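In: Just a sequence and a predicted model for now, questions to come.
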2 protein chains.
Amino acid sequence: MASSSSLTLSQALLARAISVHGSNPSSDRVSLSSITIPTFSGLKSSSTSSSSPSRMARRRAKSSRGGAVRAAAVETLDKTTETSLVEKSINTIRFLAIDAVEKANSGHPGLPMGCAPMGHVLYDEVMRYNPKNPYWFNRDRFVLSAGHGCMLQYALLHLAGYDSVKEEDLKNFRQWGSRTPGHPENFETPGIEVTTGPLGQGIANAVGLALAEKHLAARFNKPDNEIVDHYTYAILGDGCQMEGISNEACSLAGHWGLGKLIAFYDDNHISIDGDTDIAFTENVGQRFEALGWHVIWVKNGNTGYDDIRAAIKEAKAVKDKPTLIKVTTTIGYGSPNKANSYSVHGSALGAKEVDATRKNLGWPFEPFHVPEDVKQHWSRHTPEGAALEAEWNAKFAEYEKKYSEEAAELKSIITGELPAGWEKALPTYTPESPADATRNLSQQNLNALAKVLPGLLGGSADLASSNMTLLKMFGDFQKDTPEERNVRFGVREHGMGAICNGIALHSPGLFPYCATFFVFTDYMRAAIRISALCEAGVIYVMTHDSIGLGEDGPTHQPIEHLASFRAMPNVLMLRPADGNETAGAYKVAVLNRKRPSILALSRQKLPQLPGTSIEGVEKGGYIVSDNSSGNKPDVILIGTGSELEIAAKAAEELRKEGKAVRVVSLVSWELFDEQSDAYKESVFPAAVSARVSIEAGSTFGWEKIVGSKGKAIGINSFGASAPAGKIYKEFGITPEAVIAAAKQVS
Amino acid sequence: MASSSSLTLSQALLARAISVHGSNPSSDRVSLSSITIPTFSGLKSSSTSSSSPSRMARRRAKSSRGGAVRAAAVETLDKTTETSLVEKSINTIRFLAIDAVEKANSGHPGLPMGCAPMGHVLYDEVMRYNPKNPYWFNRDRFVLSAGHGCMLQYALLHLAGYDSVKEEDLKNFRQWGSRTPGHPENFETPGIEVTTGPLGQGIANAVGLALAEKHLAARFNKPDNEIVDHYTYAILGDGCQMEGISNEACSLAGHWGLGKLIAFYDDNHISIDGDTDIAFTENVGQRFEALGWHVIWVKNGNTGYDDIRAAIKEAKAVKDKPTLIKVTTTIGYGSPNKANSYSVHGSALGAKEVDATRKNLGWPFEPFHVPEDVKQHWSRHTPEGAALEAEWNAKFAEYEKKYSEEAAELKSIITGELPAGWEKALPTYTPESPADATRNLSQQNLNALAKVLPGLLGGSADLASSNMTLLKMFGDFQKDTPEERNVRFGVREHGMGAICNGIALHSPGLFPYCATFFVFTDYMRAAIRISALCEAGVIYVMTHDSIGLGEDGPTHQPIEHLASFRAMPNVLMLRPADGNETAGAYKVAVLNRKRPSILALSRQKLPQLPGTSIEGVEKGGYIVSDNSSGNKPDVILIGTGSELEIAAKAAEELRKEGKAVRVVSLVSWELFDEQSDAYKESVFPAAVSARVSIEAGSTFGWEKIVGSKGKAIGINSFGASAPAGKIYKEFGITPEAVIAAAKQVS
């Protein structure tokens, strides 16, 4: 069968998406194990599969129903499902949300009640997806940027037939271990694309998803086979609109002409503090026009179903601009006493008002009830979705036959499988290699990796020539050259991070990287935290990582940043010292697809140190040099990044004086923490309390390493504006300081 | 003399501004001590002063020249200084910037060369200031939001006669200990209003400055005496425009109708990565119109002096809207080979190009030369500025006579002197007081303080009813009610923080506070870092400070945030446990005007604990209860905030079993660090290594407190969505866990 290899592709992807979950040793989320494995339905049997599917894939294949279902015309913009049934479906969504929030006595009923009409039109009439394989590559993506309204999406996933949201999941809304947490979390609920809640993140994720589609379509589509072809939809509220991140991301979306991004602005005029008039009186439509978007206004979002349908049709017709559909709705629509007020935003309606709303909307049913005709109506999405995927699988098989090279590349992007031997592309260095800044060494790695990783793409927030992030063999990803891989984010760090989260979550084989000065992680910290939480393996290339940047002064000099990321869960904070360590950091970053890596890199030149290695970096901390025996050095000197050289210099001097000195590079605390106790003891023997660390940053947290008898050399105040060498000296980040401290503690 | 009391006011303010610098024990900046004291000039002798001026003020008074100078008409929009002299002045500015960058071989010549014309018009023709008293209350404020172009402002301050920027300071640009660091820093250079460099911060600070002016004018101006009356000017570049924070702040400025805010947009079409066309093609003017601004375009910013003048005149005539003057300039104007390219943005021109530029602009002078006629022309600002201040002092004396009550209030806002006994307003609690969430207790404090601190104003980022920040006796600060003190920031955390920095730096007696959920400090971290760096004593009211917030889940639950702020220099991170500690936290926050305070507050109810106190909080850490003797407890239990109760409960159980247990509240690590060694030993005796800490957050950094033999109980993964009690139990944040750990370590 032509589709067999494609089928394998889908399965491999699904298997991967599931199997990788929970495999991250530093992420001990309790509820990961509660994710159930969706069964394959509506797909052909995989018994003819030529490759060897995983155990899970085989188990799933057994339960799949044979026989192809022809893809129905899911695009039903002009179709007129009986309006009464549409309204019944919309009210079902409303009451599922009302009932779940009521049962939890916690949550946000207002948005689902107001946005149920657009939700219905999207999931029932417009979007193309396969509920039984939430990871089908060519699905339309939907992002609820106003994440607090997650019951809207849970209700839609439930109706659409996703196995991740069964009735019992709705009843467990916001409870321990449930798949229906208080905000949408992709890692908990298959069918949720990204993690939202912190406002503005979702619309920026959506820009990333749409960027990924545009990029992959441009690279892989052929005149006779548009193998990449989906839309990205988002719903955002007033809160998202006020956040700066959304303006950043939407300015880029306009610039890039992301025509397949369609965002619904839930214009309900209510935010938590009351009427938006108290703080938000700008003209949003005009702003979006200024940003290069097509703007449509649906004045009656509560019952104007045809207007919503027409707006989507119009949006799709505009191919060179993203579209904002401003939909004026009533928050809490249907609640006779609470609609159109902030009281319906974030609390349960209360039994009395739930009753009143049932009466008002003519809803005689018990809580959580889905009327039979509504159930019946939505049931078609399971076979239709399966058919859509099967059709695409067949299309992919055709593609593979005709364009085998491109297909292999696309496949690796879809599955995230790394090409065999990819790591051989990483450059290596010897102590004789010329001294260089790790930001430059980083660029060597990026350019080497770009040759072997088809999904590597990214760029800088207007500091490409400082962060050294240009891929030399590629041009700029732009409106008219979307096949290129250098992304120009402009000075928009926060949007950049969130866009990269969207890219990473689009396909497991996309490796987005982004860059700015390390200190400006402060601008994008909320997006980095979401990378960590939503398991997006974004590579953060953060240069100018200390006072070593010199004259720009304290506004530009990170101090507390290393500590602040070491404290953040599920982040790999890496501070390589030279060429080999930079290559090691990239190896780690590429391999860790479920957690972001932050590479702190120097502006200043650093020597290639004897003893550094890629393998060492993979352990997080390791011995770089040692003249002791029996695991009993007189003193252990510990450095990271640019200060490893200082530790090594101090060791040289101390050894001349007859001391047994061990030098340890602690390039990543998180990786080191994951090593065995025996390995840790081999690096930091408990019996050796004479330890000195040196790092040009806050000493906060270093007590863990040096203990109460050791000494941490660092900087606990802001930096200063002067040439780098001078600042190092004035702040006492010198071999002399290390030597003095070593003598003091040993 | 009528003006004597006003004169004292000016002096007190200046003395305060200087004496407080460097008094902050945790801020060990090297160059603070290098700030020289501006001498009073052009002010009447203070020998008649009725109050007792400080030593510094007396020393300054000795050097002041007697005799009043009548204020000249500084408003010279229609005045025609000979154009050739204007051009000479503008070229002086350009070459001071070129020469300083060249000498430092580091810096940004491009912006000063392009913006010199608007800089000249502002400082020489438009702005009202007194160079010999940079802290004169009623001065016009200027903010260089594009802070990298700081040589523009240093050149202007130099020409205008500010003592902070002498020729030798220009020659020491970007050198260790100089007053001319790589970006503008208010704490280094009198005459600089705020600290900029991180893009977008400055324009948001300017919104805060303009808010402060509008608020104070509305509160204190009388029909016959407009005692508060100044403009706020800013220059921002393409980079600032791309940052989300600027859209947030400017949306608020438009909403509030800040008519006296006039921002120049340096539209030079070049950013670091090249032509802005690669990432920034939105219509900025249209966006600002959408935000409610008046927009003017000066098409020739290089030589269109009259156009610049006319634009300012037009801007001033529009009183109900802020104005954006888009000024199209050439970056690096005058450089024959580098103008209009990114190469002139951030590097020295190089000797050859400096020569070529000198030829091109007809500039025969040596480096750093200010031609005599230019010097002469600018010299009038010293007497004129003194006259302006003297005139205002006289006006204030009149005001004081007629409106003594208001004058006293305004004076306290201008000087920052706290009313005697203010701290008596802080509420106190006993163990019998009802249990309450610290966010509610915080509101009691805010409302109590608002009665005694006339400068307290602030609000929340659309979470007023969750953060509990409303001042009940006041209405909303709005366009038409600017005298009110509840500020509605909308969902704009980053803009909010930076606006508060502007408010704090407007006048020492303004106490801005702002609020959101603690986790969303991630959105505003860059602004908080600037608070810390620029010594703005903003009060950050951060509620929902742990997994204790419950169902909203991991996107909303802070984990690493306490650690991340403990690592940030010059921040007071406070986590009070109950009513007395919340009052203590506010006392500390009010007293620390040179560093921001972050209050982490609970959503959930907490009991009023025996042993807590305001005085304890002031020490950062203290013993809450103890049944040991001789400073030798069997075990020390340490808690913060909501977990102090857990520590206390565990202690109770352990004591029943006969253990000698000390419970310590470590409410602020920074304050505790500042205590004497003896005090520290009295709380944490070195001999007692049996220590257990409990905090519902990352354990990162706790090794410093509990030592290698102690145990830190906390959460090192992301949180979860469920009711709070359930999450606490599942994460092991319980008395049982403390008891078990205590037995293990003791």
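Out: Happy to help now that I have it.
In: excluding its backbone neighbours, what's nearest the residue in chain A that chain B sits nearest to?
Out: Nearest to chain B in chain A, going by C-beta to the nearest C-beta, is residue A:244, at a distance of 2.1 Å. To be clear about C-beta, it is placed using only N, CA and C from the backbone, and glycine gets the same treatment. Leaving aside its sequence neighbours, residue A:244 sits nearest to residue B:244 (C-beta to C-beta, 6 or more residues apart in numbering or on different chains; 2.1 Å).
In: residues near the one you found, how many?
Out: 28 (other C-beta atoms under 10 Å in any protein chain shown).
In: And the strands in the stretch 451-600 of chain A?
Out: A:456-460, A:476-477, A:486-488, A:511-517, A:539-543, A:572-574, A:597-600 (DSSP state E, counting those that start in this stretch).
In: With distance to chain B as extra columns, can I get these in a markdown table?
Out: As requested, the strands of the stretch 451-600 of chain A are exported to a markdown table (distance: least, C-beta to the nearest C-beta, whole Å):
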| stretch | distance to chain B |
| --- | --- |
| strand A:456-460 | 7 |
| strand A:476-477 | 6 |
| strand A:486-488 | 4 |
| strand A:511-517 | 9 |
| strand A:539-543 | 13 |
| strand A:572-574 | 11 |
| strand A:597-600 | 13 |
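In: Adding mean neighbour count, write the ones you listed out as CSV.
Out: CSV is the format used below for the strands of the stretch 451-600 of chain A (neighbours: other C-beta atoms under 10 Å in any protein chain shown):
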stretch, mean neighbour count
strand A:456-460, 26
strand A:476-477, 20
strand A:486-488, 25
strand A:511-517, 28
strand A:539-543, 28
strand A:572-574, 26
strand A:597-600, 28
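In: CSV please, covering the ones you listed and showing mean pLDDT.
Out: Output for the strands of the stretch 451-600 of chain A, formatted as CSV (pLDDT from 0 to 100):
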stretch, mean pLDDT
strand A:456-460, 98
strand A:476-477, 98
strand A:486-488, 98
strand A:511-517, 98
strand A:539-543, 98
strand A:572-574, 98
strand A:597-600, 98
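In: and of those strands, who's closest to residue B:728?
Out: The closest of the strands of the stretch 451-600 of chain A to residue B:728 is strand A:572-574. By C-beta to C-beta, the value is 28.0 Å.
In: Tell me the strands beside the closest one, with direction?
Out: Strand pairing for strand A:572-574, using DSSP bridges, gives strand A:597-600 (parallel).
In: and the following helix or strand past the partner strand, average pLDDT?
Out: Heading C-terminal from strand A:597-600, the first helix or strand you meet, by DSSP states H and E, is strand A:605-606. Averaged over strand A:605-606, pLDDT sits at 98.
In: which residues are in contact with strand A:605-606?
Out: Contact with strand A:605-606 is made by A:435-438, A:577-578, A:642, A:645, as judged by C-beta atoms under 8 Å, 6 or more residues apart in numbering or on different chains.
In: you'd agree residue A:651 is up against residue A:625?
Out: Yes - contact criterion C-beta atoms under 8 Å: residue A:651 and residue A:625 qualify, at 6.4 Å.
In: Mutual contacts of those two, please.
Out: A:662-663.
In: Which of these two has more residues huddled nearby?
Out: residue A:651 (27 against 19).
In: Work out for me the element the more buried one sits within.
Out: Assigned by DSSP H and E, residue A:651 falls in helix A:644-656.
In: Could you look up the next helix or strand downstream of that helix?
Out: In N-to-C order, the element after helix A:644-656 by DSSP H and E is strand A:661-665.
In: Could you check the angle that next one makes with helix A:644-656?
Out: 170 degrees (axes from the mean of the first three to the mean of the last three C-alpha atoms, to 10 degrees).
In: Student question: in chain A, what's the helix or strand with minimum average pLDDT?
Out: Here the helix or strand of chain A ranked lowest by mean pLDDT, DSSP states H and E is helix A:55-62, holding a mean of 34.
In: which helices and strands sit right next to the helix or strand just after that one?
Out: Using DSSP H and E, the next helix or strand after helix A:55-62 towards the C-terminus is helix A:83-104. Where contact means 3 or more C-beta pairs under 8 Å, 6 or more residues apart in numbering or on different chains; DSSP states H and E, helix A:83-104 is packed against helix A:110-120, helix A:150-160, helix A:167-171, helix A:351-361, helix A:372-379.
In: what ranges of chain A fall below the confidence cut-off?
Out: Across chain A, the ranges flagged by pLDDT under 70 are A:1-80.
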